[in-house]
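Asker: What would the 3D arrangement of this be:
(2 chains)
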Amino acid sequence: MDTLLLSRLQFTATTIFHFFFVPLTLGLSLLVAVMETRYARTGDETYLQMTKFWGKLFLINFAVGVVTGITLEFQFGTNWSGYSAYVGDIFGSLLAIEATAAFFLESTLIGVWVFGWKKLSRRAHATVMWLVAGASNLSAIWILTANGWMQQPVGYALRNGRAELTDFAAVVFNTFSILQILHVVPAALLLAAFFIMGVSAYHLLKKQHVDFFMRSFRIGLAVGAVTAFWVILGGDMHAKHVTQVQPAKLAAMESLWNTTAQAPIYLFAVPDEQNERNRVEIGAIPGVLSFLGHGDFNAEVKGLKAFPRDERPPVLLTFLSFRVMVALGTYFAVMMIIGIFIRKRLQENPWYLKLMMYSIPLPFLAHTAGWVLAEVGRQPWIVYGLMRTADAVSPIAASQVAVSLAAFILVYGLLGGVGYYLIGKYARLGPAAVGGPAPVRGERLRPAAV
Amino acid sequence: MVLESIWFFLWGLLWAVYFMTDGFDLGIGSLLPFLGKTEEDKRAMVNTMGPLWDGNQVWLLSAGGVTFAAFPRVYAVMFSSLYSALMLILFALILRGVAFEFRAKVESPGWRKLWDACIFIGSFVPALLFGVAFANIFQGIPFDQKGVYQGTLFTLLNPYGLIGGVLFVLLFVVHGALWLAARTQGELQARAAATAAGIWVAEVLVAVVFLAASFFSTRLYANYLANPLLFAVILITVAALFGIRVFLAQKAFFKAWFASALTIVGATFYGVIGLFPNMFPSSLNPAWNLTAHNASSSQLTLTIMLVVVIVFVPIVLIYQAWAYNLFKGGITDEDLVY
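Answerer: Numbers count the residues shown, from 1 in each chain, chains lettered A, B, ... in the order given. The predicted structure follows:
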């Protein structure tokens, strides 16, 4: 294997791994801040326990998210030096702004939050959590702005053999970035909401700490119901924009080979990239792709054959990831509608609780599929239409990258295993994990945690 | 020209602040197996830096990000040339970070031993390799006209590079021991103070060796000789270094820590001033050196980033100072989270 392929594998592995942890950080930080605010306002001890319990799970997840984020900043230079030199003027600035204007606040205040329970007033301590949550999400917004620029480069001129910044406002208010933000940020909240509901469902099924986990579930349900629809709406707006600026990605998303009006979507298809056709096409619904892309059932949609072979993204992966994402997004919305109807009778519907419990991994999968779609669908470009991924790689020995890739797999495997083991361990312990409340009559007793 | 020069020194400043802040964390982590005799000692050591290490580490990301933004070509060539060294630093920092969070989460001596080993490796390796990397930058890196590195990881482990590595480890260990002495009590405090005093002697000796070796291995002194007023930086650094000893003798541990912080900032600037305007010199041909002038971003980017830094870095310093102030007292059982 050559340096390019190994570097791509390494970037894929480290980015996907990092993004298993980031959305939970983004969403859960806001939800914990909501819980702590309720405690600060009412003095209700249950909200304090909720803050501490969900906060504990948040912190384990946060630690893995933070350390794996360092990798990404280093990696542009270590493995993608061609890219870094070419776009540092713009892309590098966005990363530097992210660190200086957002990540600093998040990282400094997380320490204050963890160690400052006795040093700050209730109100001040809750404010610190809001700042952590705000700064985390602001961080994500800057990173998405940087990624949006790779998807739709704006505000630059090609000078001195590189892309130089000419219009900072155009970069910051890039339509692509804004649409990504409106899709990914609520998706992170949705993931956290499903996490809270899933863990709560586990305890509700066991009929333990009922009040505690009913309150938690309701917060999750309220946030989940809003964001499930927001994500779909945002995704739809995003897809329409992709149709305009990345037509090859849209064609690959639906494996559409020929340019056609009333373009259909297929319920099932098997793309055959070699022969520029679909081996199997089942359940064509005419006009739907035209409608999704252009808001008009009769609109013409460009097919893959309209692009030279070396400017098409890998079809199968783009096609599949889009399907996984859409199917899961629909599932989340359905589950939230059901949840709203039976919110008062949750315990009488163990099947629903069970489904929610087993659904915990699904939003993680949906996030991953979304990123695979965004990044693989952009290929062969690293910066759409401007720079090819193959031209971006560092002039380094493949053996070096092979060793580091192996090390990443090893270390991240350890990190992921331990991180999720600990999250699982403390999630199962329930409020006892944080020296929980005295058990209410009728609830099962659990041994105190370490 | 002026803008690039300002950025060059801001770049140096961000690295200096990183070494000054995370330096004591790396120092304490390196001391963990030696000063932490009991589990109580170890917990105290880890928790003295508990609330602060995460914010400190961002200075590294900020220094890296600013290199990327203001000097993209330096970022590209530096990070790809130093690939293996940076990957080692990266893995070390990753293990250190999660180890803090993980170590107290399972009640088992073996578990703690594992994560304490990660804290040690995760602290010692970056301390050493940052020193090795910067010393090598001072003397020049073998890369060609296209920015392609012509060496291996072992190329960096030359005598001068290793002296730089040892110097960094000693600087950070003294820095960490002083922070420990300032925030602990009793026997641990006494041991930390004694360690600081002992290692300080080695720090002085290696500093002298490094200053002398720099004369033979690098061109750092050219700028100083051209402008002798600059020797003041070296004098202030040496004064700060001896200040550590004076305050240590008075048991004024926080003052000693500040003197040590100034020593680290001074040591960083000793090199940065000597390098100017080079940022990543080539040992193969001086014509291929990457400098503040031939590797910088566009004027617009440099201007925007200057505004960002001038607005945000003071704000960061204010809230970090607030956090430091919140956690400067001696630690008690309430502060034992990790």
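Asker: which SS state does A:Thr108 fall under?
Answerer: Look at A:Thr108: counting by DSSP: H, G, I helix; E, B strand; the rest coil, its state is helix.
Asker: so what's it up against?
Answerer: Taking Cβ atoms under 8 Å, 6 or more residues apart in numbering or on different chains, we find A:Thr108 in contact with B:Asp54, B:Gly55, B:Val58, B:Val316, B:Tyr319, B:Gln320, B:Ala323. For the C-beta atoms, the positions are set from N, CA and C on the backbone; glycine is no exception.
Asker: what's near enough to touch the second one?
Answerer: Pointing back at B:Gly55 there. A:Phe104, A:Ser107, A:Thr108, A:Leu109, A:Gly111, B:Thr21, B:Gln320, B:Ala323.
Asker: can you name the two of the residues you listed that are farthest apart?
Answerer: With distances taken as Cβ to Cβ, the most widely separated pair in the contacts of B:Gly55 is A:Leu109 and B:Thr21, at 15.5 Å.
Asker: Would you agree A:Ala228 is in contact with A:Leu190?
Answerer: Yes. When contacts are counted by Cβ atoms under 8 Å, A:Ala228 is listed as touching A:Leu190 (5.8 Å).
Asker: so what's in contact with the two at the same time?
Answerer: A:Phe332.
Asker: Which of the helices or strands spans B:Gln320?
Answerer: helix B:299-326 (DSSP states H and E).
Asker: make that A:Trp130, sorry
Answerer: helix A:122-151.
Asker: Check which residues of that helix are buried.
Answerer: Neighbour counts over helix A:122-151 (16 or more other Cβ atoms under 10 Å in any protein chain shown) mark A:125-151 as buried.
Asker: same question, stretch A:337-353
Answerer: Neighbour-count burial for stretch A:337-353 [16+ other Cβ under 10 Å]: A:Gly339, A:Leu346, A:Tyr352, A:Leu353.
Asker: Identify, from those residues, the entry nearest to B:Ile141.
Answerer: A:Gly339 (58.9 Å).
Asker: Got the confidence number for the closest one?
Answerer: We note a pLDDT of 95 for A:Gly339 in this prediction.
Asker: Can you classify it as helix, strand or coil?
Answerer: helix.
Asker: Once you drop chain neighbours, what's closest to it?
Answerer: A:Leu221 (5.1 Å; Cβ to Cβ, 6 or more residues apart in numbering or on different chains).
Asker: shouldn't A:Thr71 be in contact with A:Thr14?
Answerer: Yes. Here A:Thr71 reaches A:Thr14: they are 5.0 Å apart, a contact under Cβ under 8 Å.
Asker: So those two - more neighbours on which side?
Answerer: A:Thr71 (25 against 22; other Cβ atoms under 10 Å in any protein chain shown).
Asker: what residue is smack in the middle of chain A?
Answerer: A:His367 (4.3 Å; Cα atoms, centre = their mean).
Asker: Not counting its neighbours along the chain, what's nearest that residue?
Answerer: Closest to A:His367 by Cβ to Cβ, 6+ apart is A:Pro23, at 5.4 Å.
Asker: Could you check which helix or strand contains the one you found?
Answerer: With DSSP H and E as the test, A:Pro23 turns up in helix A:3-42.
Asker: Give me the neighbour count for B:Tyr18.
Answerer: The burial count for B:Tyr18: 22, using other Cβ under 10 Å.
Asker: how about the nearest residue to it, chain neighbours excluded?
Answerer: B:Trp59 (3.7 Å).
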